[in-house]
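**Q** return atomic coordinates for the entry below.
(2 chains)
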Amino acid sequence: MPKLQSMLLLTDKGYKDLKKAIFACTLTNLSFMFPYMVTIQLFTELIKPLMGGSLSFPRLWMLFALGVLAAILVFFASKNDYQKTYVTSYMEAENTRISVAEKIRRLPMSFFNTKDLSELTANIMADCSTTEHVLSHILPQLFANAISITLICVMLSLFDWRMSLAVFITLPLSVAVIFVSKRVQNKLSEKFVRAKLKASDQVQEYLEGIKVIKACGLDGEKFSALDKAMHLMMKMAIRLEFVTGTFVTGSQALLQAGVGLTVFVGAQLLTGGMIELIPLLMFLLIVVRIYGPILVEYTLLPELFHHMVSTRRMRKLMSTPIMEGDTTVPLKSWDITFENVSFRYNENDSDETMVINDLSVTFPANAITALVGPSGCGKSTISRLIARFWDVNAGSIKIGGVDVRSMDPEHLMRYMAFVFQDVVLFNDTVYNNIRIGNMNATEEQVLSAAKAARCDEFVRGMPNGYQSMLGENGHTLSGGERQRISIARALLKDAPIVLLDEATASLDPENEVYIQQAISQLIANKTVIVIAHRLRTVADADQIIVLNQGSLAEQGTHDALMQNEGLYRKLFDIQQESMGWSV
Amino acid sequence: MKQRPQEQSAPKTGLARLMELAATRKPLVIASTLLAALAAIAAFVPYIAIYLLVRDLLQVYPAFSTLDMQRTLSLGWLAFGGILLNIILYFAALMCSHLAAFGTLYILKVRFASHLSKIPLGYHVLWGSGKLRKIMDENIEKIEGFIAHQLPDIVASLVAPIVMVVILLSVDWRMGAVAILGIVVAFAIQIKAYGNEGAKKMMDKYTVAMDDMNNAAVEYVRGITVVKAFGQTVFSLRRMHDAIRSYTKMVIPYTLSWENYMSAFMTIVNNIYLFVIPVGILIGLGATDYITYASTFLFYLIFVPSIATTMLKIMYVTSGGMQISGGVEKMDEILHTPALPQPSAPKRVTQHDVAFENVSFAYQNQNHDALSDVSFVAREGQITAIVGPSGGGKSTIAHLIPRFFDVTGGRVTVGGVDVRDMTSDYLMQKVSFVFQDVFLFKQTIMDNIRFGNQSATDAQVIAAAKAAQCDDFIQKLPQQYHTVIGTEGVHLSGGERQRIAIARAIVKDAPIIVLDEATAFSDPENEYLIQRAFEKLMKGKTVIMIAHRLSTVRSANQTLVIDQGRLVEQGTHEQLLANGGRYSALWQQYNQTLSWKMTRKEASANA
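**A** As a prediction, this is how the structure comes out:
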């Protein structure tokens, strides 16, 4: 049972509450037996005249009163059960959601690597809702049904074991059918899932490639591949449904054959004088209803298994270790040193080549260091390693002599400001989007950062100025405007180390002027590490580090590197040439 | 001259639309509902059998040895037979409904996919493939639940109460009537619970709270880099936390508002015999034939528990909700987008000047024009550059040439012929469009390049690849030209993908080339190679090129400056500079950005 607690990520209180809910649900189930007891008593009264007695109407009225009383109990049992179940499940789901959100924040960036983030979120939120559903609609009923069916089975056996045998003997047989058929079903289900994935792949290719498909007049060919995949999926779905349906139906029929069996055995026993009429009537009354809850178990159990499998993602997320470290150690200087650092994104993939290979360099404090090199050389990775978005596989990175791995990532972040290529904006006001840089900033500080980052120019033009809402991921803003907001954030944070991705190549000149001015403000008097794409912009940097395939190729000032006539010189010349290119 | 498809005249929504969709496989759906109804009737048979047995027993009481075993046995069979029949009929109903459902899904998807290839390509640019894929993979799938399960269940739960009422009334109408009274009370509670205004408002609130929470979560995870970079905790990211909290805060009272109704409903459907008892007693007071009286009374006591099963089923069916229809609406929205009209008498062209004549264009659902009154001619064999601030309408011009959208005013012509007077296939042959984002199919590189021209030989493909500067990196791939894109270990950079797209266009060899911001690449090596590739592609064609970096187009035959949807200036680089207008301002800014350098000293001097 404690396994269930960890499977569902329940808190101790939630687990206790779940047990209470199961108990409440069991009480309700058992309370549903009251009407049967009263009915049996009515039977007894009604057949008394047949044995020569007389019908006692006052006794009948009394039974009626008893029935009403029982009904009131049923009402309160349901009410109690309802409250316990739903309040518990929603409160627990809230806890799960918050702890998942909290966990996501503390996970290393490596967890998000190669994952589609919005899909991941959607899945995890769906998992939380599934847990909620399992807690409210599945578990209490599943356990309560099992308990009450067992209790009823035992009670009936005490009355008459032969009759209860007739009622329940079909149960193991029908369960056996389900188990035996499981393998066939799984196989078919696998085939179906494969067909479904294939169809989904084809859909994706068709939709994403539609521009190419149309431009090249391939409608027919690509369409027939899609059509075939969808047709196969339909066939597999039908086959799966038919086979599964046959087995399920068969096992249901088998189970309920117990009704006929009970009638037959009952009649035999009665004629043989081995059972009284009243117990027989009781069995007849119960036999037509007892299979209902059992059939419910048949549907709840697979549903539970299905949900358990589908929430695996969430459990995996919750069990992923977080990065830990000291939260107090103060950094006193900002020299960043790489000592024999090696790194690759997928640690377990030994085939993958190192993204950073045995790199030893120093980024001096209060200076600008530029990272340059061909695409894929590892420039961006270096800035991510400094910020401890990932941990190195070998070697160490130290800031002011302190290994970044010994520092809590959140604590480390306090010393850094970032401006990356992809800017994330929240569905909130412009003002709040900038304030994210420093939640303690005064309004004056926020506005002056916005001005320094040249945001003022476009914000003033928006309908509500700084209080304008940005919409989902700020889709109303242009790339250049987004960049400027992200620079304003960084300015507001005023951290001693600035990590910068200089990628403004695709912007129009007007925007670019503004961004360049904003960057100049940001890097004043800081330790700056810049990932440079246009070599001219970093020609005045204090130090240029040239990378090639994860290793250090060259290092020095622009002038020194130009004289070196190495990779830097080559890149610089190519770039000069392509800058001058015209159609 | 614009034709509107018929569907648009009276688009059905909600349940009506679902029924219309279900009718795609009418015979199967009808068979399934009939079978489901019969199954519902068969479900009552065991209760009748048990009743008949009890009556037999009372008749011979207490001399049970005189019981007619043959008859008893057949009653046992009847009871089991009823159950078996119920199961088999229901199974058959579900099979029919599933055949109908899967068939309908298939037809809908095919219809949807083929419609997608007929609507203007611009919609694909606007909607994005993600949204369309979600409709095909998720929204359409949901219709299965309605046709396969809900529809037969709804029919069964409509038929079952009718049969139940008939049985209840036919044995003894007085006891029957009170039992029905019990059912009516239970129903009334249901209607009260679901029907009142408050519940509906709550339902809306619930949906909003749920959506809020999901949106907040998506934003939260997408912003995780920011959250981490600025040390935000979940509690300070107000929205996420608030959304979770307010969902719980709303859902608990929402659920608990049903508490009394649900409990009362459960209590009543399980205790309908309490309605029967008083009437039974009163009848008994004046009964003359005791055996008949007792067996009738017993019948009702045995039969009424079956009401609970039926009523619970009805409850589940009605609470199944209408979430499906939301998904259908999204599908319909796209199905109702008119297909690109094709000319009845298509024309051909021999010459390839592209001309805009007083072209205006507005995107759907937007009230301001993206382009207004734009006129220019792009000559064959010349390069026409389009520059201007982002969002000014440059891409819109590019999109109108291959008819991604139809203009809302004026006309676009190729070789003097309105593009609307050519078939889409023909126009597509004439225009090569190189997009910023490049899509490669999960096929070999050879196939991917050959998409440009299906009849190209291997030698032609390789020649095009060489011209597009692809050959070098392709030779380094595990299987060179036969390497399948997307397989393990094959990762192409953006610049490499771009060059494959150019190779595709070279193989296609269309007379008109449209380039959408395709030259700007952050990595110098790639940029150099891409420029070489473009040179090969553009030779002798009508080229229309959108450019950010002004230096790349300074030797274009003409440059159009587009700002806020209008053509503000036009001419060669030299003419425009001499004009001293918008272009020359842009050019100055551009040169200023080129000379900018990052230095701390200079920056501090600025600050």
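**Q** would you mind listing what in the stretch 301-450 of chain B touches chain A?
**A** Within the stretch 301-450 of chain B, the positions adjacent to chain A are B:301-302, B:305-306, B:309, B:383, B:385, B:388-391, B:402, B:424-425, B:428-429, B:431-433, B:435, B:439, B:441-442 by CB under 8 Å from any CB of the partner chain. Placement of C-beta: from N, CA and C, glycine included.
**Q** please, where are all the helices along the stretch 301-450 of chain A?
**A** Here the stretch 301-450 of chain A has its helices, by DSSP state H, counting those that start in this stretch, at A:312-319, A:379-386, A:409-413, A:430-435, A:443-452.
**Q** buried deepest among the ones you listed, which one?
**A** Ranked by mean neighbour count, those are led by helix A:430-435 with a mean of 23 (mean count of other CB atoms under 10 Å in any protein chain shown).
**Q** for the residue in the stretch 351-500 of chain A positioned nearest to chain B, phi and psi?
**A** Per CB to the nearest CB, A:Ser375 is where the stretch 351-500 of chain A lies closest to chain B, at 3.9 Å. Phi and psi for A:Ser375, reported as degrees, to the nearest 10, are phi -60, psi 140.
**Q** with adjacent residues omitted, what lies nearest to A:Ala488?
**A** In space, and not counting its chain neighbours, A:Ala488 is closest to A:Ala453: 3.6 Å by CB to CB, 6 or more residues apart in numbering or on different chains.
**Q** ditto for B:Leu58
**A** Spatial nearest neighbour of B:Leu58, excluding adjacent residues (CB to CB, 6+ apart): B:Ser295 at 5.3 Å.
**Q** identify the residues contacting the one you found.
**A** Contacts here follow CB atoms under 8 Å, 6 or more residues apart in numbering or on different chains; on that basis B:Ser295 touches B:51, B:54-55, B:58.
**Q** of these, buried ones?
**A** Among these, those buried by neighbour count (16 or more other CB atoms under 10 Å in any protein chain shown) are B:51, B:54-55, B:58.
**Q** can you add pLDDT and give those back as a markdown table?
**A** Shown next, in a markdown table, are those (pLDDT from 0 to 100):
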| residue | pLDDT |
| --- | --- |
| B:Tyr51 | 83 |
| B:Val54 | 82 |
| B:Arg55 | 83 |
| B:Leu58 | 81 |
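**Q** picking that back up, from the contacts of B:Ser295, which ones fall inside helices?
**A** By the criterion of DSSP state H, membership of the contacts of B:Ser295 in helices covers B:51, B:54-55, B:58.
**Q** helix or strand with the lowest mean pLDDT in chain B?
**A** helix B:600-606 (a mean of 49; mean pLDDT, DSSP states H and E).
**Q** list the buried residues of the helix or strand harbouring A:Ser129.
**A** Element membership of A:Ser129, judged by DSSP states H and E, is helix A:117-133. Neighbour counts using 16+ other CB under 10 Å place A:117, A:120-121, A:123-125, A:127-132 of helix A:117-133 among the buried residues.
**Q** what sits up against it?
**A** Residues outside helix A:117-133 that contact it (CB under 8 Å, 6+ apart): A:8-9, A:89-90, A:92-93, A:96-97, A:100, A:104, A:112, A:307, A:310-311, A:313-314, A:317, B:213-214, B:217-218, B:220-222, B:224.
**Q** what about B:Met203, neighbour count?
**A** For B:Met203, the neighbour count with other CB atoms under 10 Å in any protein chain shown is 13.
**Q** for it, give its distance to B:Ser117.
**A** Using CB to CB, to the nearest Å, B:Met203 is found at 38 Å from B:Ser117.
**Q** excluding its backbone neighbours, what's nearest residue 170?
**A** In the absence of a named chain, chain A is used. According to CB to CB, 6+ apart, the nearest residue to A:Thr170 is A:Gly258 (4.3 Å).
**Q** I was after chain B.
**A** Distance criterion CB to CB, 6+ apart; nearest residue to B:Ser170, sequence neighbours excluded, is B:Gly176 at 7.4 Å.
**Q** for A:Tyr15, same thing?
**A** Distances taken as CB to CB, 6+ apart put A:Gln5 closest to A:Tyr15, at 4.4 Å, once the chain neighbours are dropped.
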